[in-house]
Every structure is written in structure tokens, then in C-alpha cells.
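1. Show me how the following folds:
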Amino acid sequence: MFPSDTIFGIFLISQLCIGVLGNSLLFMLYAYTFLVKPNLKKHMDSIVMHLLLANVLTIMFTLTPDIASTLGVRRFLNEVGCQTVLFLYRVTRGVSICTTSLLSVFQAITVSPSNSKWAGLKFKLYLWTCPSFFFFWVLNMLIYIHVIQSVTAIRNFTLVGPGFAHAYCQTRHFGKHNSFSFFSVVLFRDLVFVFLMVCTSLYMVSLLYRHRRRAQYIHSPHVSSQSSPEHKATRTILLLVGCFVFFYFSNNCVMFYSFHAHHKIPRSEGLSGALSCCYPTICPFLLMKSNRIVSKFTSSFSMKLTGSPRTFDV
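-> Residues are numbered from 1 along each chain as shown. Below is the predicted model of the structure:
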């Protein structure tokens, strides 16, 4: 094993541990709030929990084969294993994209003014949330059923031409590019949900910016210069959307190059997997920045450690 493989393997293991731990801890914190402190829960929390679950599954199904490959494990996946792991990775990644878009739409409708045309959708959105989850899973399963039909275990280490090639898996008919309809459907799905997410996030940022500008005329210069809750929310939204868009397009560029490269680069699929897991890994920590449940929990925990009887308003 080359030193570069060892370093890359350690990086993937670290990403797996951080991503799974971060998403799992935040998920359990939301679950604890739902069961023990229902007065703190909001309807948006169910969307966040669904996103965290999709993130955990995406990270596990993506990085586990890459880690095994980097560490020199041979024949880690057979044909059924390749089809199962790649199918579940693609499905959970697609569900993560769809849920992120739903979260952005929900936030935009929630913060919209009461006289806005979007205000009437608030109650309907509550009713559509759970059916939306079901729709996301069914949609992505139907799209990626193609993976089961087109992927098999690796058979030739001198692969040439367009096609998917991993340390354990490859396209069944390598070199024959007959997946135009499949890629068109995936591209259309991604464009729709990414477009919704970016537009609604920019709309919400503009609302918060206008609110902050109006607040500057009311408060004193000293108060207005401080970091307001609206300003914190704006930065969180920008970071979340910015990270998603950056890693989404970076991963797609690497995947496109790897698929169409005449001679396959062994480490390109590992790099693509690492990039595809960057957003699910960072996502829970961005959500923690301005999350009231996390703030309430950390404040309560710090009070127990210090033995202070003070209360904190969140």
C-alpha cells in the first residue's frame, strides 16, 4: 500500500466518523426533544430529522467501499453487493438533495410576510411534509432502478472507454454509452430541486436583509451593529446553500470526468465519494450554529456542570 493510499484512507475514515457522529447526535437530540420536551419541537424539525437520516445513510453507503478499497481489501463486494450498495447510495443521496430543497422551501414560506401570496401555503405545507418524504424515496428508487440493471462486479482491470468503474464494481456493458435517457432524468431531477433550493434561499435571504435594514432605522447604531438573530440566520442559510452548491457541482464534475475518461484513474471514484459526502458531513454542524434545541441543550448542560441556578433565554 502506498503512503498516499494510507493518508487518503485515514481521511475517509475520519470523514465517515465525523459525518455519522454529527448527524446521529443531532438526530438523537431531535428525537429526545420530540419524546421528552414536545413544547420545543416545531414542524420543521421533522424535515431536519429526515435530512439527517438520509445524510447518515449516504455517508455509510458511499465511504465504506472506498475505505475498504483504499486499505487494500480485495473482493469486498460481489455483484449483488455492488448493485445493493450503489443503488442505496444513489437513492439516499437523491433523497438528501430533495429534502434539502424541501427544507429551503419550508423556511422561505415560514418567514414570508403574512400578506404574501406564500402565506396561504403554510398550512398546506404541514399536510404535505410526510407525503413528500414518501414521494422522495419512491421517486429516487424508480430513477436508480437502472443501477441494478447496469452494474456488476469488476471483471477487467484494464477498462477503456466511457463507463462507471470502481475498485469493486463496473458498468455491465463497459464502453457502450447507452444511458442518455437515464442521465437526462437524473439531470432534470437535480436541476428542479437545486433551482428550488437556491431560489427560495435567496428569497429568504432578501427578506431577512430588508428586515435588518428596517431595524437599523429603529435601533441605535450600537444595537444595530451587533449580530442580530436575523443576521445569524442569513449567514447559516448562505453557508448551507453555498456548501451544497459547491460540493454538488464539484462532485458532478469529477463524476463526469471519471465516467468519460478514456483511461480510468483508480483514485477518481474515491475522490468523487469524498466530495459527495462533504455536504452530508458538514450539514449537521451548520444546522447547529443557530439551532434553538442545541442552544437550549448546551445551556442546560453547562448549568449542570457549573451548578449555576441561572436560567437562560433562548
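
2. and the gap between the closest residue in space to L275 that isn't next to it in sequence and H166?
-> The shortest distance from L275 to any non-neighbouring residue, by Cβ to Cβ, 6 or more residues apart in numbering, is to N251 (4.1 Å). C-betas here are computed from N, CA, C, even on glycine. N251 is 15 Å from H166, where distance means Cβ to Cβ, to the nearest Å.

3. quick one: which of these two has more around it?
-> H166 (25 against 20; other Cβ atoms under 10 Å).

4. burial count for the nearest residue to the more buried one once chain neighbours are set aside?
-> The shortest distance from H166 to any residue other than its chain neighbours is 4.9 Å, reached at E269 (Cβ to Cβ, 6+ apart). Neighbourhood size, E269 [other Cβ under 10 Å]: 23.

5. What's the local residue count around F188?
-> Counted with other Cβ under 10 Å, the neighbours of F188 add up to 11.

6. Mind giving me the packing neighbours of the one helix or strand it maps to?
-> In this assignment (DSSP states H and E), F188 forms part of helix 180-218. Applying 3 or more Cβ pairs under 8 Å, 6 or more residues apart in numbering; DSSP states H and E, we find helix 180-218 packed against helix 79-111, helix 122-143, helix 229-260.

7. Let me have these in CSV, extended by mean pLDDT and distance to T33.
-> Converted to CSV, those look like this (pLDDT from 0 to 100; distance: least, Cβ to Cβ, whole Å):
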stretch, mean pLDDT, distance to T33
helix 79-111, 88, 17
helix 122-143, 88, 17
helix 229-260, 76, 19
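
8. Tell me which of those helices is the most buried.
-> Mean neighbour count, computed with mean count of other Cβ atoms under 10 Å, is highest for helix 79-111 among the helices and strands packed on helix 180-218, reaching a mean of 21.

9. from memory V245 sits against V198, does it?
-> Yes. Between V245 and V198 there is a contact at 6.8 Å, judged by Cβ atoms under 8 Å.

10. Quick check: mean pLDDT of stretch 16-36?
-> Mean pLDDT, stretch 16-36: 89.

11. check contacts around V151.
-> By Cβ atoms under 8 Å, 6 or more residues apart in numbering, V151 lies in contact with 82-83, 86, 164, 169-172.

12. which one of those sits closest to Y257?
-> Distance to Y257 across those (Cβ to Cβ) is lowest for F164, with 12.4 Å.

13. burial of that closest one, as a residue count?
-> Counted by other Cβ under 10 Å, the residues lying close to F164 total 20.

14. In space, what's closest to it - neighbours in sequence excluded?
-> Sequence neighbours aside, T171 is the residue nearest to F164 in space, at 4.7 Å (criterion: Cβ to Cβ, 6+ apart).

15. phi, psi of the one you found?
-> Dihedral pair for T171: phi -70, psi 140, per degrees, to the nearest 10.

16. what about it, distance to F182?
-> With distances taken as Cβ to Cβ, T171 is found 11 Å from F182.

17. which of the two has more neighbours?
-> Neighbour comparison, T171 and F182: the larger count goes to T171, with 21 against 16 (by other Cβ under 10 Å).

18. Report the contact partners of that one.
-> With contacts defined as Cβ under 8 Å, 6+ apart, T171 is in contact with 150-152, 163-165.

19. Out of the residues you listed, which sit inside helices?
-> Using DSSP state H, the subset of the contacts of T171 located in helices is S150.

20. Kindly reformat the contacts of T171 as TSV containing pLDDT and distance to F133.
-> Compiled in TSV, these are given as follows (pLDDT from 0 to 100; distance: Cβ to Cβ, whole Å):
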residue	pLDDT	distance to F133
S150	81	27
V151	82	26
T152	80	32
G163	66	33
F164	70	28
A165	70	33
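
21. Distance to S4 added to the contacts of T171, as a markdown table?
-> Shown next, in a markdown table, are the contacts of T171 (distance: Cβ to Cβ, whole Å):
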| residue | distance to S4 |
| --- | --- |
| S150 | 31 |
| V151 | 27 |
| T152 | 28 |
| G163 | 25 |
| F164 | 23 |
| A165 | 19 |
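
22. N115 in helix, strand or coil?
-> Following DSSP: H, G, I helix; E, B strand; the rest coil, the label given to N115 is coil.

23. and it, what pLDDT?
-> Confidence score, pLDDT, at N115: 73.

24. give me the number of residues near it?
-> Counted with other Cβ under 10 Å, N115 comes out at 6.

25. And the helices and strands packed on helix 180-218: which comes nearest Y203?
-> Among the helices and strands packed on helix 180-218, helix 79-111 sits nearest to Y203 (Cβ to Cβ), with 5.2 Å.

26. Just checking the distance from the closest one to the centre of its chain.
-> Helix 79-111 has its C-alpha centroid displaced from the chain centroid by 7 Å (Cα atoms, centre = their mean, to the nearest Å).
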